[in-house]
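1. fold the stuff below for me.
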Amino acid sequence: MKKTTETQLISKFVHWKMGMIYLVVLLGLSIVLTTAIGPVYVPPLEIIALVGSKLHLCEISSISHETIIFRVRLPRIILGLLVGLSLATAGTTLQGIFKNPMADPYIIGIASGAAVGAVLAITFLPSFFSIYTIPIMAFVGAMFATFLVYTIAQVKGRIQVDTLLLTGIAVSLFFGAILSFMMFWHSHDLAGIFFWTMGGFWLANWTQVEIIVLPILVCFFLIYIFAKDLNAMLLGEETAQTLGINVENVKRILLVLSAFITAAAVAFVGTIGFVGLIIPHITRILVGPDHRILFPASALVGGIFLMWTDALARLLGEMPVGIITAFFGAPFFIYLLKTRKRGYGAL
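-> Just a heads-up that it's a prediction; the model follows:
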């Protein structure tokens, strides 16, 4: 019996390890292939050769597409990777906290709060903190939304998961109304606000990547530290407490980290919905519910998904990415609603 258990554990380890290797390889291929896609097609071999020359691995004589690759395509692709990583990580975290596959940064109100903060920066404080104005205000908005949801849903120092989710939906709708009001009131900024709320990578540059890369990676690793705690909480909060886990503190910390990483994601690209909803659920089907594996796998799948949706947006004449993700996400959300009655068996 013991030998059989050890064999199963080894098989499981090899399975998820190979899965991660496949995802990393797919990520590398996706970076090359999505860089090639656009109004000007760049052969993938030329992209590899140019990157190799930058890393001093080879020498090439022709650099005709260097500007397109390094100043236009790669910044938006890396930004898409970081945003997809962020939203997928936040969605995985919230679904783990709520034990609900329909939880994501938008439904819980975090992304809507960040959007309000960013639009306030666009309309009232366009250069108050220079280029950092929008990220700072997005973070303030996300934290305010998180604080508001948590305060309203708190009863006698404890948070009921269902109450928190319903409160998040209400707060999200409220912030959506504020966004609509600002779009009406500041009609001269309507075009900028409208495109920002639909989400897109057309203004991506290396400065934006440099600003958000460190906060996103730090938040990801801090969230990953709580992977074992989330695994225990899936068995029930009482069970987690018997294992020495302070459930309420874990919820608070993870909500704050989810707000921070979501704010960093939407700061420059706008609101891109459904990534945090569909990616964790799909990845959970592929690799299982163990958050130690689920977090990195979801991050990779989220980044790959958003890179390809942005490539599709370029092919469709720079269509906002948020529209494309909604086309994928809305039917999937309906599917989740239909299967919700069967229980949350995937977790």
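2. just the strands in the chain please.
-> Assigned by DSSP state E, the chain shows strands spanning 154-155, 158-159.
3. select, out of these, the one closest to M307.
-> With Cβ to Cβ as the criterion, M307 lies closest to strand 158-159 of the strands of the chain, at 35.3 Å. The C-beta positions use only the backbone N, C-alpha and C, and glycine is treated the same way.
4. report the mean per-residue pLDDT for the closest one.
-> Strand 158-159 carries an average pLDDT of 68.
5. low-confidence regions, the protein specifically.
-> For the chain, the stretches with pLDDT under 70 are 1-15, 55-63, 126-129, 157, 159, 161, 188-189, 191-192, 340-347.
6. what residues are up against the residue nearest the centre of it?
-> Centroid check for the chain by Cα atoms, centre = their mean gives L87 as the closest residue, at 1.1 Å. Taking Cβ atoms under 8 Å, 6 or more residues apart in numbering, we find L87 in contact with D104, P105, T262, A265, I272, V275, G276, I279, G302, L306.
7. which of those are buried? Put it as a ChimeraX command.
-> Of these, the buried ones can be selected in ChimeraX as follows, counting by 16 or more other Cβ atoms under 10 Å:
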select :104,105,262,265,272,275,276,279,302,306
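8. out of the contacts of L87, which one sits closest to P320?
-> Nearest to P320 among those: I272, at 8.6 Å, using Cβ to Cβ.
9. do I have it right that the closest one meets A326?
-> No - counting by Cβ atoms under 8 Å, I272 stays clear of A326, with 9.0 Å between them.
10. from V301, how far out is R284?
-> Counting by Cβ to Cβ, to the nearest Å, the gap from R284 to V301 is 10 Å.
11. can you get me a residue count around T123?
-> Counted with other Cβ atoms under 10 Å, residues neighbouring T123 total 16.
12. again with W196
-> Quick note: W196 (other Cβ under 10 Å) scores 24 neighbours.
13. likewise for M319?
-> Other residues lying near M319 total 17 when counted by other Cβ under 10 Å.
14. ok, P331 next?
-> Other residues near P331 number 12, with proximity taken as other Cβ under 10 Å.
15. just the contacts of L87: which are in helices?
-> Among the contacts of L87, the members falling in helices (DSSP state H) are T262, A265, V275, G276, I279, G302, L306.
16. assess the claim that the third one and V301 are in contact.
-> No - with contact taken as Cβ under 8 Å, V275 and V301 are classed as non-touching, separated by 9.8 Å.
17. tell me where the stretch 101-250 of the chain has helices.
-> Counting by DSSP state H, counting those that start in this stretch, the stretch 101-250 of the chain has helices at residues 110-123, 133-153, 161-185, 190-198, 206-225, 227-233, 237-242, 247-269.
18. mind checking which of those is nearest D290?
-> Of all the helices of the stretch 101-250 of the chain, helix 227-233 sits nearest to D290, with 6.3 Å by Cβ to Cβ.
19. do you know how far I282 is from I245?
-> Applying Cβ to Cβ, the value for I282 to I245 is 28 Å.
20. and for V275 and V301, which residues touch both?
-> Residues touching both V275 and V301 (Cβ under 8 Å, 6+ apart) are A88.
21. closest one to L45 among the helices of the stretch 101-250 of the chain?
-> helix 206-225 (24.0 Å).
22. which elements pack onto the closest one?
-> Using 3 or more Cβ pairs under 8 Å, 6 or more residues apart in numbering; DSSP states H and E as the contact definition, the elements that helix 206-225 packs against are helix 74-98, helix 247-269, helix 291-315.
23. so which of these comes closest to M137?
-> helix 247-269 (8.6 Å).
24. quick one: distance of the closest one to the chain centre.
-> In terms of Cα atoms, centre = their mean, to the nearest Å, the centre of helix 247-269 is set 11 Å apart from its chain centre.
25. against which helices or strands is it packed?
-> In terms of contacts (3+ Cβ pairs under 8 Å, 6+ apart), helix 247-269 is packed against helix 74-98, helix 110-123, helix 133-153, strand 158-159, helix 206-225, helix 227-233, helix 237-242.
26. V25: how many residues sit nearby?
-> The tally of other residues near V25 (other Cβ under 10 Å) stands at 10.
27. and I169, by the same measure?
-> By other Cβ under 10 Å, the burial measure for I169, its neighbour count, is 17.
28. would you agree it is in contact with D104?
-> No - with contact defined as Cβ under 8 Å, I169 does not reach D104; the gap is 11.1 Å.
29. need the contact list for F268.
-> Contact analysis of F268 by Cβ under 8 Å, 6+ apart lists L79, I134, P135, L203, A204, Q208, I211, I212.
30. dump the residue contacts of the fourth one.
-> Spelled out, it's L203. F268.
31. how close does it get to A267?
-> For L203, the distance to A267 (Cβ to Cβ) stands at 12 Å.
32. before we move on, the earlier item: now distance to L217 and mean neighbour count too, for the strands of the chain, in TSV please.
-> Shown next, in TSV, are the strands of the chain (distance: least, Cβ to Cβ, whole Å; neighbours: other Cβ atoms under 10 Å):
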stretch	distance to L217	mean neighbour count
strand 154-155	31	12
strand 158-159	28	16
